[in-house]
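Student: Need the 3D shape of this:
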Amino acid sequence: MFRVANILLFLLCLPEYCSGQNRTVNVAVQGAGALYKFNYYNSDVGFYGQTVEAVVQDSRGSIWAASRTGVYKLNGVGVEEFNLKSGLPSEYIQCLEEGENNVMWIGTREGLASIDGKTVRNYVFDDTSMAGLPIWSLCMRSDGNLLIGTSHGIHMLKDDKIEFYMNIDTSTKERNLARFLRYDSKGILWAGCWNSVHRIDDKTKTILETFVGDVSLGWAEAKDGTVYFSAWGPGLRSYKDGALTTYNIGMSIPNVRIDPWGTVWLGTWENGLIRMVNDSVAIRYSVAEGLPTNTVWGLECDHEGRIWCGTYGGGICQLVDHKFSGYSRINGLEADVAICIRQDTASNVWVGSEGGLAMISPQGKVRAFGPEDGLLDNSVMDIDARADGTVHIVNYHGGTGYYEWDGTKLINHQRGGGMAIYLDSKGTLWEGQESQGVKRVSPDGTVQYFQEVSNKSKKRVLKSTKIRKEESGWEQANTAGI
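Tutor: Have a look, this model is predicted:
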C-alpha cells in the first residue's frame, strides 16, 4: 500500500497530472483523396539538397533551406547555394534563424556561422574544448543576442563571443541537449530536449514546468496563445493556461507550423504532411497526393500562407492552392460585390466594388480608400495595374473619375471616369465609356472613338471616328504617367 501511495503521489506531481483540465484526444487521420499541386525545387533549378532539416522564410520573402549538403536560398529569381567552398564550417546544416538586418544564422554539425548577403562568417566558443560542437537550435532574443542550443546546455552569442548561458538538465548529456529554443508571446522560453520539454523563466533562468516525453523536435504558437510541440514518440501536444492536451495521432512528428488562418500543420516521419481539421480529425498529404517523399522534416508557412516542406530524400516543395481565403466586409472591404480585381507588381491585390476601393497586402491586411484619400465616387468600375508599379482606377464620378496610385497616395487626374481601362503593350490607352463606346488614345495623343450603330440591314456594326489630338490638359496628364 505504501508503494502504491508513493507512485500516485509521484504521478500527481508531474506537470501532466497537475491540472484536472488535462486531456487526451484520439485523432482520426484521413487521406486527402485527390492529387494536389506541389511546386518542386531540385537540381533542375540549382537545388541539390535532397534531405532538408529546416525551412525558414526571412523578412524579405526569401526561402532558406538547411540541407545536408549546405544552405540554399530561394530568392524568387533563382537559387543561391552556400557550402564549404563558401566558408561554412560544415555542409550538414541543422537549424536556421534570421537575426537583425536580414543576417541569417546557421547552425551546423561543426559549429555556428552567419550569412550576411554573400559574406559567410564563423564563430567559436569561449571554451576551446567545445570547438566544432554541433549546433542543434537557434533563437533570437529581444535584446538582439542569439541563444544557441547544444549538447552542453544553452549558450549565447554576445558581442561576437559564444559564452555559456544555462544548463537544462545535467543528469545525462542527452537531457541537456536543446533540440529547439523558442520564446512564446508571454516571454517564456521553451526548450525541447531529448526526452522532455521545459518552460523557462528567462530572467531568473528558472525552469517553471517540465513535460516528460520522447525526443522533442518542433514548436509553434497559435494566435490565442496555445503552444503546440511535437516529438518523436507521443507525437503532438498542446499547452494553454496550465492545461496540457495530448493528441493520439500514432506517428512521429519532427515539425509543426500554424498558418495565418489558425490551421495546424504537421511534418511527419514516413506519414507525409498532416493538416489538422480540428482536435480529432486530420487530413494527410502523401506521395499519392503529390509529395516527393512521405517524410517531411522541415516545415514553414510563408507570408502568403503557403506551406513549404523540407523532405527526407526528396528536396523541398511547396503546397499550392490547398484552401480558399475569403475577404468581405468582415475583413475591411467596403462592399461584398466585387466588380474588378487586379494584382500589382508589389503583390497587392486591388478590389473595386460598388462600395469603393480596397487594397489587400500580401500579408492579408486590407486598406480601404474613401473621400479622405481623394476618391470622390464609391463605384469603382475598373483597375489597371501596370508594369511600372502604378495602379490606375476609373469610376463613375463625372469629370473627376480617373485616379492613379503612385505607391503612396491616390492622384486625381481631374478628368472623366468610365467603365473600363487598359494600357496595351504599344502604349495605347483604351477606355470603355458608358453610352459612348470605346475610346482609343495613341501614344502621340491621337484620339479615336468606336461606337455601335445600326445600318439599313439593321445589323449592328462599329463606327470609327478619328479626331485631332486631345486638348492640352490631357497631354499634361499623359506626361504625368497616365
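Student: how about the helices of the protein, start to end?
Tutor: With DSSP state H, the ranges of helices along the chain come out as 2-13, 472-479.
Student: for the stretch 151-300 of the chain, what are the low-confidence residue spans?
Tutor: The stretch 151-300 of the chain contains residues with pLDDT under 70 at 234.
Student: quick one: the strands in the stretch 351-482 of the chain?
Tutor: Counting by DSSP state E, counting those that start in this stretch, one finds strands in the stretch 351-482 of the chain at the ranges 356-360, 366-369, 380-385, 391-395, 402-405, 410-412, 420-423, 429-433, 437-441, 446-454, 460-469.
Student: Pull up the pairing partners for the third one, direction included.
Tutor: I take that to be strand 380-385. Sheet pairing of strand 380-385 (DSSP bridges) gives strand 391-395 (antiparallel).
Student: and the partner strand with strand 429-433, angle?
Tutor: Counting by axes from the mean of the first three to the mean of the last three C-alpha atoms, to 10 degrees, strand 391-395 lies at 20 degrees to strand 429-433.
Student: Other residues contacting strand 391-395?
Tutor: 342, 344, 350, 352, 357, 375-386, 401-405, 410, 417-421, 423, 431, 482 (C-beta atoms under 8 Å, 6 or more residues apart in numbering). Heads up, the C-betas are built off the backbone N, CA and C, glycines and all.
Student: Drop anything exposed from these.
Tutor: Applying 16 or more other C-beta atoms under 10 Å to the contacts of strand 391-395, the neighbour count classes 342, 344, 350, 352, 357, 375-386, 401-405, 417-421, 423, 431, 482 as buried.
Student: in the protein, which residue is closest to the centre?
Tutor: Asp302 (1.6 Å; C-alpha atoms, centre = their mean).
Student: so it touches Trp308, yeah?
Tutor: Yes: with contact defined as C-beta atoms under 8 Å, Asp302 and Trp308 form a contacting pair (6.3 Å).
Student: Give me the common contacts of these two.
Tutor: 57, 63.
Student: Show residues contacting stretch 223-233.
Tutor: So stretch 223-233 is contacted by 180, 184-186, 190, 192, 197, 211, 213-222, 236-241, 252-256, 258, 262, 264, 266, 269 (C-beta under 8 Å, 6+ apart).
Student: redo that, cut-off 6 Å
Tutor: Here stretch 223-233 makes contact (C-beta atoms under 6 Å, 6 or more residues apart in numbering) with 184, 197, 213-221, 236-240, 252-253, 256.
Student: Buried ones from those residues, can you make that a ChimeraX selection?
Tutor: Buried residues among those (16+ other C-beta under 10 Å), as a ChimeraX selection:
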select :197,213,215,216,217,218,219,220,221,236,237,238,239,252,253,256
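Student: Filter the contacts of stretch 223-233 down to the ones in strands?
Tutor: 197, 216-221, 236-240, 256 (DSSP state E).
Student: closest to Arg23 out of the strands of the stretch 351-482 of the chain?
Tutor: strand 366-369 (37.0 Å; C-beta to C-beta).
Student: what are the pairing partners of the closest one, and which direction each?
Tutor: strand 356-360 (antiparallel).
Student: Could you double-check that Leu88 sits in contact with Ala113?
Tutor: Yes: the criterion here is C-beta atoms under 6 Å, and Leu88 meets it with Ala113 at 5.3 Å.
Student: Show me whatever sits in contact with both of those two.
Tutor: Residues touching both Leu88 and Ala113 (C-beta under 6 Å, 6+ apart): none.
Student: Roughly how far does Arg440 sit from Ala358?
Tutor: Note on Arg440: its distance to Ala358, by C-beta to C-beta, to the nearest Å, is 30 Å.
Student: Please identify which of these two sits among more neighbours.
Tutor: Taking other C-beta atoms under 10 Å, Arg440 and Ala358 do not tie; Ala358 has more neighbours (22 against 17).
Student: Check whether that one really touches Ala368, as I assumed.
Tutor: Yes: here Ala358 reaches Ala368: they are 4.9 Å apart, a contact under C-beta under 6 Å.
Student: returning to what we had before: the strands of the stretch 351-482 of the chain: lowest mean pLDDT?
Tutor: The stretch with the lowest average pLDDT out of the strands of the stretch 351-482 of the chain is strand 460-469, scoring a mean of 48.
Student: Just give the number of residues close to the residue lying closest to Met166 once chain neighbours are set aside.
Tutor: Leaving aside its sequence neighbours, Met166 sits nearest to Lys205 (C-beta to C-beta, 6 or more residues apart in numbering; 4.6 Å). A total of 12 residues lie near Lys205 under the criterion other C-beta under 10 Å.
Student: let's number from 769 now, not from 1
Tutor: Sure, I'll start counting at 769 from here, so that last one is Lys973.
Student: Apart from its neighbours in sequence, what residue is nearest Tyr1007?
Tutor: The nearest residue in space to Tyr1007 (C-beta to C-beta, 6+ apart) is Val995, at 4.8 Å.
Student: ok, what's across the strand from the one you found?
Tutor: Under the criterion used (DSSP bridges), Val995 bridges to Glu989, Tyr1007.
Student: Val983 and Thr1063: what is the separation?
Tutor: Using C-beta to C-beta, Val983 is found at 15 Å from Thr1063.
Student: And for Leu1143?
Tutor: 52 Å.
Student: try Arg889
Tutor: With C-beta to C-beta as the criterion, Arg889 and Thr1063 are 32 Å apart.
Student: The two: which has the busier surroundings?
Tutor: Thr1063 (21 against 14).
Student: For the residue found closest to the more buried one once you drop the neighbours it is linked to in the chain, which residues are in contact?
Tutor: Of all residues not flanking Thr1063 in the chain, Tyr1080 sits nearest, at 3.6 Å (C-beta to C-beta, 6+ apart). Counting by C-beta under 6 Å, 6+ apart, Tyr1080 makes contact with 819, 1061, 1063, 1065.
Student: and the last one, what does it touch?
Tutor: Residues in contact with Trp1065 (C-beta under 6 Å, 6+ apart) are 821, 1022, 1078, 1080.
Student: any idea what sits nearest it, other than its immediate chain neighbours?
Tutor: Closest to Trp1065 by C-beta to C-beta, 6+ apart is Pro1022, at 4.9 Å.
Student: my read: that neighbour touches Leu1034, true?
Tutor: No: applying C-beta under 6 Å, one finds Pro1022 not in contact with Leu1034, separated by 8.8 Å.
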